[in-house]
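J.: Pasting the sequence and the predicted model now:
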Amino acid sequence: MTCREVIERLLDYVEKTAPGDDFEHHLARCSSCRAYLDSYLKTIRLARGALPSS
């Protein structure tokens, strides 16, 4: 799996709608993609925190 493929399928991985074996193998050896994933997850948390509770 390439970095581009990781980025293109990141939402599926985060939502656990795609198998994670290829992602996890790639993330284990790619610090750039790990940093991208961390930033992606932080953005999701911040966006959810900005929404009013109902």
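T.: Looks like it came in fine. Residues are numbered from 1 along each chain as shown.
J.: So which residue is smack in the middle of this protein?
T.: L37 (4.0 Å; Cα atoms, centre = their mean).
J.: check contacts around that residue.
T.: Contacts of L37 were listed using Cβ atoms under 8 Å, 6 or more residues apart in numbering, and they are 6, 10, 27. Every C-beta, even on glycine, is put in place using the N, C-alpha and C of the backbone.
J.: Could you give the number of residues near I7?
T.: 13 (other Cβ atoms under 10 Å).
J.: Excluding sequence neighbours, find me the nearest residue to it.
T.: Excluding the flanking residues, the one nearest I7 by Cβ to Cβ, 6 or more residues apart in numbering is Y36, at 6.8 Å.
J.: Could you grab the helix/strand/coil label for that neighbour?
T.: helix (DSSP: H, G, I helix; E, B strand; the rest coil).
J.: check contacts around it.
T.: Contacts of Y36 by Cβ under 8 Å, 6+ apart are 6-7, 10.
J.: Distance-wise, check G49 relative to T43.
T.: 11 Å (Cβ to Cβ, to the nearest Å).
J.: Please disregard the earlier target; I meant V14.
T.: With Cβ to Cβ as the criterion, V14 and T43 are 11 Å apart.
J.: check contacts around H25.
T.: Contacts of H25 by Cβ under 8 Å, 6+ apart are M1.
J.: follow-up on the earlier one: compare V14 and T43 and say which is more crowded by neighbours.
T.: For V14 versus T43, neighbours defined as other Cβ under 10 Å are more numerous around V14 (15 against 10).
J.: Looks like that one contacts I44 (just checking).
T.: Yes: counting by Cβ atoms under 8 Å, I44 is a contact partner of V14 at 7.4 Å.
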